[in-house]
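Asker: what's the 3D shape of this:
(one chain, ligands or ions: 2)
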Amino acid sequence: MTTFGRIIRYSKPYWGRILVSTLAAVAVGSMDGAFAYLVEPLLKKIFATKDLTVFTLLPLVVFLLFLVRAVCRFLNDYFIRTAGELAVQEIRNDVYRNSMKLTLRFYHRQTTGGLMSRVLSDVAVMQGGIANVVTSICRDGFSALSLLTVIFYRNWRLALVTFLVIPVTVIIAQKIGKRIKRLSRESQEKMGDVAAILQETFSGIKVVKSFGLEKWEVSRFQETTRAYYRFVRKNIKYNSLSSPIAELITSLGISGVIWVGGSMVLRGETTAPEFFSFLTAMALVYKPIKSLNSSYNTIQTSAGAATRIFEIIDEQPEIVDLPDAVTIGRSQGNVAFRHVNFAYGDDPVLREISLQAKSGEIVALVGPSGSGKSTLVSLLSRFYDVTSGAICIDDVDIRKIRIECLVQQIALVDQEITLFNDTLANNIRYGNFDATDAEVEAAAMAAYAHEFIAALPEGYATNIGDRGVRLSGGQRQRICIARAILKDAPILILDEATSALDTESEQMVQKALNNLMTNRTTFVIAHRLSTILHADKILVLESGRIVEQGNHAQLLAQGGLYKRLCEMQFSKA
Ligand SMILES: Nc1ncnc2c1ncn2[C@@H]1O[C@H](COP(=O)(O)OP(=O)(O)OP(=O)(O)O)[C@@H](O)[C@H]1O
Ligand SMILES: [Mg+2]
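Answerer: Ligands and ions are numbered 1, 2, ... in the order given. Coordinates of the predicted model:
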């Protein structure tokens, strides 16, 4: 389906508004025609009878005509613009709805700012386009139509002279339109780059400042806005060129008309009032045709933005439920990796991973940075699908479980702390929206977060702002732990969950986690080996392979990588 067809489909629910608006447009358009038509009988009457009543009535009639026209114009504008706005809102919601379905791989392919610019800027560009275009096509289209009817009715031979030039204008307009569409797409891409810098530097302002890179960022920003300008300038150029060119060509038509028409009047082939009526229609038709021409350019600009928007709506999520996916209740939490291989791109990140975690066991993953620990646990939540092999929960392949159910099995405290611009209570409630205040508080207590929350003037109702800027690293981490506690899932993943805590709060949180870990299968990733001494099983990863496994004592006895890692850490301490 064409981009334009799809936009029209989005406006279907608002056909009532569109109908009112179209009727109003027809009224406005035909009034223009009527006005031009009436010039002839009016002039005739005035010239023939020299009747003064016509003269006195004329201003009133003109005013009334324009009054009705003004009301219709308002109805036309108001209803079409609101319909456009509603349709575009739905498109924007669809973009967001679909992007929420997309997998992490999609998000890693692009910048957050670029995505935001699609949802905001591209949609706005498209929106401006649609509203303008529909208004103009309805109203100007009808006005042009009615005026053209008058033109042909008055004198078809003269009309033909006028229209000799039209094919030339159309061809030129189309050429320009095509270029504008491409330029629009490219300038929207540049706008995405601008948004990306904004997003990165606003959220990473601390880093920018600590490295004293404000000036550098400003110059990078300027460069990007300049690149944006380069495309917009071209866009403006073609937009501004199209009207003068059209006007110039039309003037050829008008000159022809005056010449041919004038000599017709002189030869008595037509009357002066008829010729004036014709000229009025000609003069009036000029504006709607010009605006139809520039609408064509606006359509092309919108189409450029719309393609980028529909690209996201059409993007297929890589991970979806199979048709025969099963619904499961709360699992036992038996997890098995069977010969799992995985790669983000071409290079393997995990190789031949096989492991068993029985219900209630604690499995620790250790290994050098970049060895694949976070990747391994992310496969369990199906953030990515394995390249080969299988992962099972209670002996069911996770690819056969409905994603909705799978998500319920796992609580994750991630390496990257994510808090939302909301109250503390709601940030914890992200783990379970049905939780009561008492349950939220209990979770916070278990995560050793209650004390500092209660000390805040607004307590749990404190709005912590985007990314929780008002909290310390350790406090934020404890909020995330409370969230996971509240979720109460049979499988728990702690990726560096205690890394931002001092030794004392770490011990407290460790106690909380110990409570939390009973009756749950837990995967712990920790650089600080002291936190995993009591794990049932420790897996040592190196370059995506499990190189050693066993409990703390067994691994020390083996005298391999684990022993070396231990020695390094405890000698440092
Ligand atoms: N989204 C991604 N796309 C491509 N490669 C990735 C992606 N995420 C991680 N990698 C690569 O996969 C490898 C394993 O990364 P992973 O995050 O699993 O390591 P890790 O063991 O958790 O490290 P750390 O202890 O530093 O957290 C790394 O070489 C990394 O460069
Ligand atoms: Mg990691």
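Asker: For Ser369, give me its contacts.
Answerer: By CB atoms under 8 Å, 6 or more residues apart in numbering, no residues touch Ser369. For the C-beta atoms, the positions are set from N, CA and C on the backbone; glycine is no exception.
Asker: Neighbours of Leu266, how many?
Answerer: For Leu266, the neighbour count with other CB atoms under 10 Å is 9.
Asker: pLDDT below threshold where in the stretch 51-200 of the chain?
Answerer: Residue ranges of the stretch 51-200 of the chain with pLDDT under 70: 51, 54.
Asker: Run through the helices of it in chain order.
Answerer: 52-101, 104-109, 112-117, 123-154, 156-163, 166-203 (DSSP state H, counting those that start in this stretch).
Asker: Over to the stretch 401-550 of the chain?
Answerer: Under DSSP H, counting those that start in this stretch, the stretch 401-550 of the chain gives helices at 403-409, 424-429, 437-446, 450-455, 473-487, 503-517.
Asker: For Leu533, find the nearest of the ones you listed.
Answerer: Checking these against Leu533 by CB to CB gives helix 503-517 as the closest, at 10.5 Å.
Asker: CA atoms only for that closest one, dumped as PDB, please.
Answerer: The C-alpha trace of helix 503-517 is given here as PDB (Å, rounded to 0.1, in the frame of the first residue of the first chain):
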ATOM      1  CA  THR A 503      30.600  -2.700  52.400                       C
ATOM      2  CA  GLU A 504      28.100  -2.100  55.100                       C
ATOM      3  CA  SER A 505      25.000  -1.700  53.000                       C
ATOM      4  CA  GLU A 506      26.200  -4.500  50.800                       C
ATOM      5  CA  GLN A 507      26.100  -6.700  53.800                       C
ATOM      6  CA  MET A 508      22.600  -5.600  54.600                       C
ATOM      7  CA  VAL A 509      21.500  -6.000  51.100                       C
ATOM      8  CA  GLN A 510      23.200  -9.300  50.900                       C
ATOM      9  CA  LYS A 511      21.100 -10.400  53.800                       C
ATOM     10  CA  ALA A 512      18.000  -9.100  52.000                       C
ATOM     11  CA  LEU A 513      19.100 -11.000  48.900                       C
ATOM     12  CA  ASN A 514      19.700 -14.100  50.900                       C
ATOM     13  CA  ASN A 515      16.100 -13.900  52.100                       C
ATOM     14  CA  LEU A 516      15.000 -13.200  48.600                       C
ATOM     15  CA  MET A 517      17.000 -16.100  47.100                       C
END
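Asker: Would you mark the buried spots in it?
Answerer: 505-506, 508-510, 512-513, 516-517 (16 or more other CB atoms under 10 Å).
Asker: between those, which is nearest ligand 1?
Answerer: Of all the buried residues of helix 503-517, ligand 1 sits closest to Glu506, with 17.5 Å by CB to the nearest ligand atom.
Asker: give the contact list for that closest one.
Answerer: Applying CB under 8 Å, 6+ apart to Glu506 gives the contacts 498, 528, 531.
Asker: and the stretch 401-550 of the chain, which of its residues are near ligand 2?
Answerer: Applying CB under 5 Å from the ion, we find that the stretch 401-550 of the chain lies next to ligand 2 at Gln415.
Asker: how about the residues of this structure near ligand 2?
Answerer: Counting by CB under 5 Å from the ion, the chain sits next to ligand 2 at 374, 415.
Asker: And the residue nearest the centre of the chain?
Answerer: By CA atoms, centre = their mean, the chain has its centre lying nearest to Val119, at 2.5 Å.
Asker: thinking again about what came up before, whichever of the contacts of Glu506 end up buried, select them in PyMOL.
Answerer: A single PyMOL command selects the buried members of the contacts of Glu506 (16+ other CB under 10 Å):
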select buried, resi 498+531
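Asker: so who does the closest residue to Arg220 other than its chain neighbours touch?
Answerer: Nearest residue to Arg220, sequence neighbours excluded (CB to CB, 6 or more residues apart in numbering): Ile197, at 6.4 Å. Residues near Ile197 by CB under 8 Å, 6+ apart: 113, 217, 220-221, 224.
Asker: redo that, cut-off 10 Å
Answerer: With contact taken as CB atoms under 10 Å, 6 or more residues apart in numbering, Ile197 is in contact with 111, 113, 217-218, 220-221, 223-225.
Asker: just curious, which of these is nearest to ligand 1?
Answerer: Thr111 (13.7 Å).
Asker: mind putting the helices of the stretch 401-550 of the chain in JSON lines, mean pLDDT included?
Answerer: JSON lines is the format used below for those (pLDDT from 0 to 100):
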{"stretch": "helix 403-409", "mean pLDDT": "92"}
{"stretch": "helix 424-429", "mean pLDDT": "92"}
{"stretch": "helix 437-446", "mean pLDDT": "92"}
{"stretch": "helix 450-455", "mean pLDDT": "90"}
{"stretch": "helix 473-487", "mean pLDDT": "88"}
{"stretch": "helix 503-517", "mean pLDDT": "73"}
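Asker: Centre of the chain to stretch 9-27, how far?
Answerer: Offset of stretch 9-27 from its chain centre (CA atoms, centre = their mean, to the nearest Å): 27 Å.
Asker: Likewise for stretch 13-31?
Answerer: For stretch 13-31, the distance to the chain centre is 31 Å (CA atoms, centre = their mean).
Asker: With that, I have no additional questions.
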